[in-house]
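> Sequence and predicted model, in that order:
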Amino acid sequence: MADVILKTSKLNKTYFGKVDTPVLFDLDLQILRGSFTALIGPSGSGKSTLLNCLGLLDPQTSGEIDFDGRLISAQNVNDLAGFRNAHIGFIFQFHYLLPEYTAYENILLPCWIRGGRPAPETGREALRIMEHIGIEKLKNKYIAELSGGQQQRVSIARALINRPKLIFADEPTGNLDRESGHAVLDLMAELNRENNVTMVMVTHDRDVALRADYIYELVDGRICKFLDVKKMGKTATAAAIESRTCLIEEP
């Protein structure tokens, strides 16, 4: 039986206002532990909204999320802050690093939020991560002194510091040049493969999506395709992405 770390049942999301705007409709999906899953789809299809719901940043309107055995129904997202900080890491297109702190201090911020001043062993873990991803020499540099690719590596280290079960990435290379983007993707793939970190990534780039194990395509807030890249092969998967025909198969 597949080891599922995250799954949804009839997940819906509507933004309420003067005009109610439904964005996600009855989504059923599952993320396998240790997998690398890409979420694709045209602009406005609901990819980032889905990522925010799965990452417990934005509560769903209805439906359920099962996160590693914990059933999460619609509720105030603030109630989930501690759980999110302990089990989930985030990497965004815009890294949201704090310019008044050094790279090392930015990496430790989730630990400060979780429990106050980090223990010495946590500091050593931050240095170990920095060394592993090639930014140990940037420890005392401030964010404005770093290149875009270096800043994104700092944000990856920040996402890893609490040893999350799952990392969500929203267009993590969208603000980088091609070379830096490929380096960041290589790093994410390495972390997924060697550390068994489950990753879910939103991307609009087909070539980036083809690096994943599985691909979900959203169209108008609904799942149009589920693609098993390893099973289908990259050539067939690329053709399926280009096709306008919906294709759903359980992972």
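Looks like it came in fine.
> Now do whichever strand or helix holds residue 81, average pLDDT.
Using DSSP states H and E, residue 81 sits within helix 81-87. Helix 81-87 comes out with an average pLDDT of 82.
> same thing with stretch 205-216?
92.
> Pull the residues that contact it.
Contacts to stretch 205-216, defined as Cβ atoms under 8 Å, 6 or more residues apart in numbering, come from residues 29, 32, 35-40, 173, 185, 189, 201, 203, 223, 225-230, 234, 237-238, 241-242, 251. To be clear about C-beta, it is placed using only N, CA and C from the backbone, and glycine gets the same treatment.
> The same query, at a cut-off of 6 Å, please.
The contact list for stretch 205-216 (Cβ atoms under 6 Å, 6 or more residues apart in numbering) reads 29, 35-40, 203, 223, 226-229, 234, 241, 251.
> so which of these comes closest to residue 111?
Closest approach to residue 111 among the contacts of stretch 205-216 (Cβ to Cβ): residue 36, at 25.6 Å.
> and the longest strand anywhere in the chain, which strands flank it?
Scanning the chain for the strand with the most residues, using DSSP state E, yields strand 4-15. Here strand 4-15 is paired, per DSSP bridges, with strand 21-27 (antiparallel), strand 30-32 (antiparallel), strand 62-67 (antiparallel).
> which one of the ones you listed lies closest to residue 95?
If you check each of the strands paired with strand 4-15 against residue 95 by Cβ to Cβ, strand 30-32 wins as the nearest, at 23.5 Å.
> Looking at the residue lying closest to residue 173 once chain neighbours are set aside now. What's its pLDDT?
Among residues not flanking residue 173 along the chain, residue 181 sits closest, at 3.4 Å (Cβ to Cβ, 6 or more residues apart in numbering). Here, the pLDDT recorded for residue 181 equals 80.
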